[in-house]
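Visitor: take a look and give me a structure for this.
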Amino acid sequence: MKIRMKLILIGLVLILVSCSKNDGVAPENENRDGYLFEDGFETSGNDLSELFPNDGSRWSNLQQVDTNGGENEIDLESSIVSEGNNSLRIYARASDNTLSKANIEKAGFNAPEGSIVSISANFYIASTENIENLLLIDLECCSCWDPRVPDNQCPGIRLMMKDNDYLSIERGKILGSTIVQSEIAFPRNEWVNVVWELKLSQNNDGINKLFINNQEVLSESGMNMPNKSLFETEFANNGIDFELQEPLFYERFQIGATANPTPFDVELFIDDVKFEIIE
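Guide: Take a look at the predicted model:
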């Protein structure tokens, strides 16, 4: 089955993103009137557990995959903040034979084809090392994977650093090429506002926009959801019967070091996250 796993990650065979325990479950919120989630990581006692209440009103899960080099870290920070009292601190070790991950996840929404999605956050990357291929945000569909085929890869799109620090839109998991920008190199050791806007489509009429510090650095049409025909053809070429599940919708996003395949440890801070679906 190694061939199957390689199909989804063209150009980045190391970055295999597994699904959390709530993946593949239909979201409770149907989003008929849109959806809005905001979090500035404020807590009453600097307690990370407050971000994960039982009622699901804040974050759903965290993902931490440690390497042989040591444990990754996810905690709250009060000295480096964009506003308020807290930010989220992520410390992701360099990858070795294990792909390093440290991020948090929001699930339970429904972003179908044709809807407009806006994701914004403030990032502070406390590093001057090369961060080529560092992934910061993933938007994924786990329930669209064919349940007959093992190793659910949760297809989706991601924000990834290219050419060291040019934040770009990576589409390998939906069998597309990376949409690269060279307008603004990502500033280091200062707060940077990122806004990612999408009109979702599995065809070329999708809209992909990216803003860094209020400056538009990307605005391109192109698919930004898994395409049923592409997936069936790609798997069939390797002798695998695969059917993308319908209805098609994105159901979770992850933010942090969703993967750090670099040879360097990366410390970053996140604040003022906003996720919106506009019908």
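Visitor: and the strands in the stretch 51-200 of the chain?
Guide: For the stretch 51-200 of the chain, the strands defined by DSSP state E, counting those that start in this stretch cover 61-65, 73-77, 87-92, 100-112, 116-125, 135-140, 156-162, 166-170, 191-199.
Visitor: with mean neighbour count as extra columns, can I get these in a markdown table?
Guide: All C-beta atoms are positioned from the backbone trio N, CA, C, and that covers glycine. A markdown table is the format used below for the strands of the stretch 51-200 of the chain (neighbours: other Cβ atoms under 10 Å):
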| stretch | mean neighbour count |
| --- | --- |
| strand 61-65 | 18 |
| strand 73-77 | 17 |
| strand 87-92 | 25 |
| strand 100-112 | 22 |
| strand 116-125 | 20 |
| strand 135-140 | 25 |
| strand 156-162 | 24 |
| strand 166-170 | 23 |
| strand 191-199 | 19 |
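Visitor: those: which one's closest to residue 275?
Guide: Closest approach to residue 275 among the strands of the stretch 51-200 of the chain is made by strand 116-125 (5.3 Å; Cβ to Cβ).
Visitor: quick one: contacts of the closest one?
Guide: Strand 116-125 is contacted by residues 80, 82, 87, 111, 131, 136-137, 139, 186, 188-200, 250, 253, 255, 266-278 when judged by Cβ atoms under 8 Å, 6 or more residues apart in numbering.
Visitor: and the longest helix anywhere in the chain, C-alpha only, in PDB?
Guide: For the chain, the helix reaching the highest residue count under DSSP state H is reported as helix 228-236. Once non-C-alpha atoms are left out, helix 228-236 reads as follows in PDB (Å, rounded to 0.1, in the frame of the first residue of the first chain):
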ATOM      1  CA  LYS A 228     -13.700  13.100  -7.900                       C
ATOM      2  CA  SER A 229     -12.500  12.300 -11.400                       C
ATOM      3  CA  LEU A 230      -8.800  13.100 -10.600                       C
ATOM      4  CA  PHE A 231      -8.800  10.900  -7.600                       C
ATOM      5  CA  GLU A 232     -10.500   8.000  -9.300                       C
ATOM      6  CA  THR A 233      -8.100   8.200 -12.300                       C
ATOM      7  CA  GLU A 234      -5.000   8.500 -10.100                       C
ATOM      8  CA  PHE A 235      -5.900   5.500  -8.000                       C
ATOM      9  CA  ALA A 236      -7.000   3.500 -10.900                       C
END
